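> structure, please.
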Amino acid sequence: MVKKEQISLRIPKETKEKLEKLAEATGRDRTFLATEALDQYCDTQAWQIEAIKEGIRDIENGNYIEHEELKKEWILKRENYLGRVSEA
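As a prediction, this is how the structure comes out:
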């Protein structure tokens with residue numbers, strides 16, 4: 001069984017009301033819903049932070065493309081695509 005800890009926080013009245021409505025609509029208690037929300041938030045933030053760190057490592061290792069070079073590639077791809085579409 002997962003050991004549980006108690007925390008206390010202050011939230012806006014509107015947020016509490018939304019949580020209570022959601023609890024009533026889903027048949028879940030507020031603690032369950034708040035825990036789920038915090039878990040999802042923490043997971044998303046951890047993923048985002050790791051993705052940013054990975055991007056920084058890529059840049060430091062020279063694994064990136066300059067904006068102008070990328071722009072030229074996209075323009076060429078678009079022109080090739082439009083040329084094929086107009087020929088069809």
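> how deep is residue 26 tucked in, by neighbour count?
Each residue near residue 26 was counted by other C-beta atoms under 10 Å, and the total is 10. For glycine as for every other residue, the C-beta is placed from the backbone atoms N, C-alpha and C.
> give the contact list for the residue lying closest to it once chain neighbours are set aside.
Nearest residue to residue 26, sequence neighbours excluded (C-beta to C-beta, 6 or more residues apart in numbering): residue 33, at 7.3 Å. Counting by C-beta atoms under 8 Å, 6 or more residues apart in numbering, residue 33 touches 19, 22, 23, 26.
> redo these as JSON lines? Include pLDDT.
Below are the contacts of residue 33 laid out as JSON lines (pLDDT from 0 to 100):
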{"residue": "19", "pLDDT": "98"}
{"residue": "22", "pLDDT": "98"}
{"residue": "23", "pLDDT": "98"}
{"residue": "26", "pLDDT": "98"}
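> farthest-apart pair in those, please.
Spatial extent of the contacts of residue 33 (C-beta to C-beta) is set by the pair 19 and 26 at 10.7 Å.
> make a PyMOL selection of the buried ones in the contacts of residue 33.
For the buried members of these, the matching PyMOL selection, counting by 16 or more other C-beta atoms under 10 Å, is:
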select buried, resi 19+23
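> circling back: can you tell me the helix or strand for the residue nearest to residue 26?
Using DSSP states H and E, residue 33 maps to helix 30-60.
> got it, and residue 65?
Counting by DSSP H and E, residue 65 is found in no helix or strand.
> list the ones among the contacts of residue 33 that fall in strands.
Using DSSP state E, no member of these sits in strands.
> TSV for the contacts of residue 33, including distance to residue 43?
Formatted as TSV, the contacts of residue 33 follow (distance: C-beta to C-beta, whole Å):
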residue	distance to residue 43
19	19
22	19
23	22
26	20
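> and residue 5, what element?
Going by DSSP H and E, residue 5 is not in any helix or strand.
> measure how buried it is and give me the count.
The burial count for residue 5: 4, using other C-beta under 10 Å.
> what helices and strands are in contact with the host helix or strand of residue 74?
In the assignment (DSSP H and E), residue 74 maps to helix 67-87. Helix 67-87 sits against no helix or strand, with contacts defined as 3 or more C-beta pairs under 8 Å, 6 or more residues apart in numbering; DSSP states H and E.
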